[in-house]
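S.K.: generate a structure from the sequence data that follows.
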Amino acid sequence: MIRRLIHFYVFSNIHISLAAALFVLSSFAVFEKSINWPYVLFIASGTFIIYGLHRYIALSKIEVDDRSNRHLIFNNSRSLILVLSGIAMLIATSSYWFLPLYLKKTLLLPIIISIAYVIPSFQNKRLRDLPYLKILLIAVVWSLFYILPVLNSNSQTPFVFFEKFLFILGLTIPFDIRDQKVDAQTGLKTLGNSIKTQSALNLSFLLLFLSSLIVLFLYRSNIYQLSDALLIVFNNLIALGLISQCRGKSDIYFLALLDGIILTQGLFLILIN
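M.R.: Numbers count the residues shown, from 1 in each chain. Modelled structure (predicted):
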């Protein structure tokens, strides 16, 4: 029973939605800004909708024998997920309504990218179906969501964007490795099926290392407090350990633990600020 509940929590995208909420909440904490709750709710509910829509559309593109637990959850719990998706849609639309005008405008770019990522828009292709673009778009959108509400807080915020971009990109490379077989069947070129697995993992390690260097630079620039910097670097080290062991692991390892690295970074920063 407990295992089924954990699987539903992870595979129904509640876990990644909670991670998104804590991730953007930490931005308000670090930059000492008043929390914009409609923004946090919009990001969390929008994440649930986009990831769910992506999972649903992916079902039609993957052979039945290659479908895993993260796809089958939509067959096994279809009614409940539809109800949750309806609630998420109501939360997303109502929370967007209460956002200040500048956020409504700046959110349009990542919203358009997210929708085009999961829905065929270009010659019946999704943005994620274009070679090598998949993980880059994920990193861009997550980093934009983090930085948009505090964009004018400090002149160094572009460096914060780049730090988060490298962090998310480093975390997503293992997902390319996981999806090697499916991506190869559809003819999609990714890092995971274009270079050796160890080379892809080494690139992931390098990106997280560079992200940590930028964290230290931001500490020296008085953007991050020492406690912020140490916790982010510590979280990156945990990510490195998980990534080094990711080959051959199940979906729950990727979606609970690797996605959970985003959650723990947000949670750590919130707790100390």
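S.K.: going along the chain, name the strands of this structure.
M.R.: Per DSSP state E, the chain carries no strands over any range.
S.K.: low-confidence bits of it, can you list those?
M.R.: By pLDDT under 70, the low-scoring segments of the chain are 59-76, 153-155.
S.K.: mind doing that once more with 80?
M.R.: Low-confidence segments of the chain, defined by pLDDT under 80: 1, 56-78, 121-124, 152-156, 182-187.
S.K.: middle-most residue in it, spatially?
M.R.: Averaging the C-alpha coordinates of the chain gives a centre point, and the residue nearest to it by CA atoms, centre = their mean is residue 142 (5.7 Å).
S.K.: name the nearest residue to that residue, sequence neighbours excluded.
M.R.: residue 168 (4.6 Å; CB to CB, 6 or more residues apart in numbering). C-beta: built from backbone N, CA, C; applies to glycine.
S.K.: before we move on, back to that, could you measure from the residue nearest to the centre of the chain over to residue 28?
M.R.: As for residue 142, its distance to residue 28 is 16 Å (criterion: CB to CB, to the nearest Å).
S.K.: do residue 259 as well
M.R.: 21 Å.
S.K.: and if you look at residue 93?
M.R.: To residue 28, residue 93 is 22 Å away according to CB to CB.
S.K.: higher neighbour count, those two?
M.R.: Relative neighbour count places residue 28 above the other of residue 93 and residue 28, with 21 against 12, counting by other CB atoms under 10 Å.
S.K.: and that one, how close does it get to residue 161?
M.R.: 16 Å.
S.K.: likewise residue 77?
M.R.: Distance of residue 77 to residue 161, computed by CB to CB: 36 Å.
S.K.: tell me, how many residues neighbour residue 1?
M.R.: Under the neighbour criterion other CB under 10 Å, residue 1 is assigned a count of 5.
S.K.: also residue 175?
M.R.: Using other CB under 10 Å, the number of residues around residue 175 comes to 18.
S.K.: isn't the residue nearest to the centre of the chain up against residue 161?
M.R.: No: taking contact to mean CB atoms under 8 Å, the distance of 10.3 Å between residue 142 and residue 161 leaves them out of contact.
S.K.: what's the closest non-adjacent residue to residue 36?
M.R.: Leaving out its chain neighbours, residue 36 is closest to residue 149 (CB to CB, 6+ apart), at 5.7 Å.
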